[in-house]
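**Q** have a look; sequence and predicted model below, questions after that.
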Amino acid sequence: MDDELALLREKRRKELEESMKHEKKTASVENVDEMHFQQFVSTNPYAVIDFWAEWCGPCRRIAPIMDELSIEFAGKVAFGKCNTDDNRRLAMQFNIDAIPAMMFFSNGQLVDRIIGAYPKEAIREKIIRKFGLD
């Protein structure tokens, strides 16, 4: 009886480890730079890009929210982050004068933006509304 229970526990542990590995692979926030920006927004029907900088405190508060949302919307919305200090042309192209700034792209076109560190729920609602997700 104890051996059967130990085998079942080991089997379940391995299943959980495999599912966690798979989840990490499918959900992530990609680094986006000037060279790969156009490819990122054009190959993903829905994309959210967080423009940030290392010195920005509110940007550091948004980073884990973006990670969580990338898991929640895995397979539906692509999430990226773009360092404005390293990619000044992109920041200028989108008239970013305050960060964090989240840009929402649908089929390669900018459809909305959020400037500032908003709560996770507000960002989630914007994603659902703008991209017609449920």
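**A** Now that the structure is in, tell me what you want to look at.
**Q** gap between L5 and L16?
**A** Distance from L5 to L16, counting by Cβ to Cβ, to the nearest Å: 16 Å. Bear in mind the C-beta positions are built from the backbone N, C-alpha and C, glycine included.
**Q** hmm, who's touching the helix or strand where I49 lies?
**A** According to DSSP states H and E, I49 maps onto strand 46-52. Residues from elsewhere that reach strand 46-52 (Cβ atoms under 8 Å, 6 or more residues apart in numbering): 29, 32, 37, 40-41, 59, 62-63, 66, 69, 76-84, 90-91, 94, 96, 99-106, 127, 131, 133.
**Q** between strand 46-52 and whichever helix or strand comes after that strand, find me the angle.
**A** Sequence-wise, the next helix or strand downstream of strand 46-52 (DSSP H and E) is helix 57-72. Orientation of helix 57-72 against strand 46-52 (axes from the mean of the first three to the mean of the last three Cα atoms, to 10 degrees) gives an angle of 160 degrees.
**Q** using CSV, write down the CA coordinates of helix 57-72.
**A** The C-alpha trace of helix 57-72 is given here as CSV (Å, rounded to 0.1, in the frame of the first residue of the first chain):
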residue,chain,number,x,y,z
GLY,A,57,10.8,52.7,-10.2
PRO,A,58,7.2,52.5,-11.5
CYS,A,59,8.6,50.4,-14.4
ARG,A,60,10.0,47.9,-12.0
ARG,A,61,6.5,47.5,-10.5
ILE,A,62,5.0,46.8,-13.9
ALA,A,63,7.4,44.1,-14.9
PRO,A,64,5.9,41.3,-12.7
ILE,A,65,2.4,42.3,-13.8
MET,A,66,3.5,41.9,-17.5
ASP,A,67,4.9,38.4,-16.6
GLU,A,68,1.7,37.4,-15.0
LEU,A,69,-0.5,38.7,-17.9
SER,A,70,1.8,36.9,-20.4
ILE,A,71,0.9,33.6,-18.6
GLU,A,72,-2.8,34.5,-18.4
